[in-house]
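>>> Predicted structure and sequence below. I'll ask about it afterward.
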Amino acid sequence: MVTEKQVMDALREVLDPELGLNIVDLGLIYGVDIAENQVNVEMTLTTPGCPLHSTMAQGAEMAVRRLPEVESAKVQVVWDPPWTPERMSEEARQYLGWR
């Protein structure tokens, strides 16, 4: 059975094209639910008006589907709670010069 760590590692391959950072370190992943080999991911974006809304969600879904044990994957973009920079990892903050 696929693990949450495997899913999160796969999601680290998905980059925000504007910032060049992965969506996990940006704090865009709000939750991962695994039931047998079906994975549901809740994610957000930095702003509701992001023009890459569908592209980033599709990239996340494709990354999870590539895991060998995953039979299906669904990514839902949510806006509550709103994203804030405090959700970013320390590495992402350092990369952006926000210490």
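Arrived safely, thanks for sending.

>>> Show me the strands in the chain, by range?
15-16, 21-22, 29-35, 38-43, 72-77 (DSSP state E).

>>> Make TSV out of the ones you listed and add distance to Ser54, mean pLDDT and mean neighbour count.
Where you see a C-beta, it was placed from the backbone N, CA and C, and this is true even at glycine. Putting the strands of the chain into TSV (distance: least, Cβ to Cβ, whole Å; pLDDT from 0 to 100; neighbours: other Cβ atoms under 10 Å) gives the following:
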stretch	distance to Ser54	mean pLDDT	mean neighbour count
strand 15-16	14	92	17
strand 21-22	18	95	20
strand 29-35	17	97	15
strand 38-43	12	98	20
strand 72-77	9	96	17
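
>>> among these, which is nearest Pro51?
strand 15-16 (12.1 Å; Cβ to Cβ).

>>> helices or strands up against the closest one?
strand 21-22 (3 or more Cβ pairs under 8 Å, 6 or more residues apart in numbering; DSSP states H and E).

>>> In this structure Met56 contacts Glu18, no?
No - at 10.3 Å, Met56 does not count as touching Glu18 under the criterion of Cβ atoms under 8 Å.

>>> Neighbour count: these two, which is higher?
Counted by other Cβ atoms under 10 Å, Met56 and Glu18 do not tie: Met56 has more neighbours, with 21 against 10.

>>> what sits against that one?
For Met56, the contacting residues are 14, 16, 23, 28, 43, 45, 50, by Cβ atoms under 8 Å, 6 or more residues apart in numbering.
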